[in-house]
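[1] Return atomic coordinates for the entry below.
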Amino acid sequence: MTSIKISCSSLCVEENYDHDGHDALIVFDSFCLTIQKFNLQQVLEWSSTCNENLPPHIWQIDESGGKMAIFENELLVDQFFRQEIDIYNLNNGTLITSISIENHFLYTSVCTCTAMAINEYTRELIICETYYTAGRIEGPYKKLQFFRKDLHNKWKHVKTVDKRAKFHCEEPLCMIWDRTAKHLLFGNWHSIFAFSLDGELVSTISPQGFQGSSRCFGCHSMALNDETGELVVLGNQWVLIFQ
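    A predicted model of the protein is given here:
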């Protein structure tokens, strides 16, 4: 076990980035407002043997960011203040293009991107947005936007699904794609939900010890080990592992 000192608000891992079995760690440093790519093995070794916070990066982008996802050779970064998704080349960190995200509630709501994931089966980019309407006590709007590559290899919007949440804290905080079960996993303040490709709810995980208590679960981030089937969940001051 090791740790690194960085003001990280979003991260992702690029598997076998050098085609030699090494993974890369990509982090958004919310203090320095940079996106950096590191050799993950060097990060683990450096943090235990050196006084420096991190080893030299592979590349750095001097740009703020939010949620991130990886598709083939692209790094997709949410820019919710501009209502856009920036797309960077994974090899060198150069900006390829940006895609616009529609905001139908722009004049009445505050929007934030709460989750972003790639559906590897349908090859779709899924963005979960939440809209908080000013002056109202109802739950926020939740909107899923789906993008897919066209014949010219450009991301195009294909559909939108939205609804109003019944309660606050119901909105998704993160989501990941389960490539083995072909399920989309959502996590919010209370539970984790698994949905099929048809949008049907398959199962719900409500961690024991949190129901009916003053402690809030708060599933802020998830990672799935495809080999062991373990689901690692970063909660509200908790790290939980499900099999």
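
[2] can we go C-alpha only for contacts and neighbour counts from here?
    OK.

[3] Any regions of the chain where pLDDT drops low?
    For the chain, the stretches with pLDDT under 70 are 1-7, 47-53, 102-112, 131-142, 162-172, 207-220, 232, 234-241, 243.

[4] Quick one: the helices in it, in order.
    All helices of the chain, identified by DSSP state H, fall at 40-49.

[5] For residue 46, which non-adjacent residue is spatially closest?
    The shortest distance from residue 46 to any non-neighbouring residue, by CA to CA, 6 or more residues apart in numbering, is to residue 55 (6.1 Å).

[6] Please list all residues in contact with that neighbour.
    Counting by CA atoms under 8 Å, 6 or more residues apart in numbering, residue 55 touches 38, 42-43, 46.

[7] From residue 35, how far out is it?
    14 Å (CA to CA, to the nearest Å).

[8] swap in residue 54?
    Counting by CA to CA, the gap from residue 54 to residue 35 is 13 Å.

[9] For these two, indicate the residue with more neighbours.
    Per other CA atoms under 10 Å, whichever of residue 54 and residue 35 has more neighbours is residue 35, with 23 against 17.

[10] give the contact list for the more buried one.
    26-29, 60-65.

[11] if we go to 7 Å?
    Going by CA atoms under 7 Å, 6 or more residues apart in numbering, residue 35 touches 27-29, 60-63.

[12] And these, which of them are buried?
    Buried members of the contacts of residue 35, counted by 16 or more other CA atoms under 10 Å: 27-29, 60-61.

[13] re the thing from before, same list (the contacts of residue 55) but as JSON lines, adding distance to residue 113.
    As requested, the contacts of residue 55 are exported to JSON lines (distance: CA to CA, whole Å):
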{"residue": "38", "distance to residue 113": "25"}
{"residue": "42", "distance to residue 113": "31"}
{"residue": "43", "distance to residue 113": "28"}
{"residue": "46", "distance to residue 113": "33"}
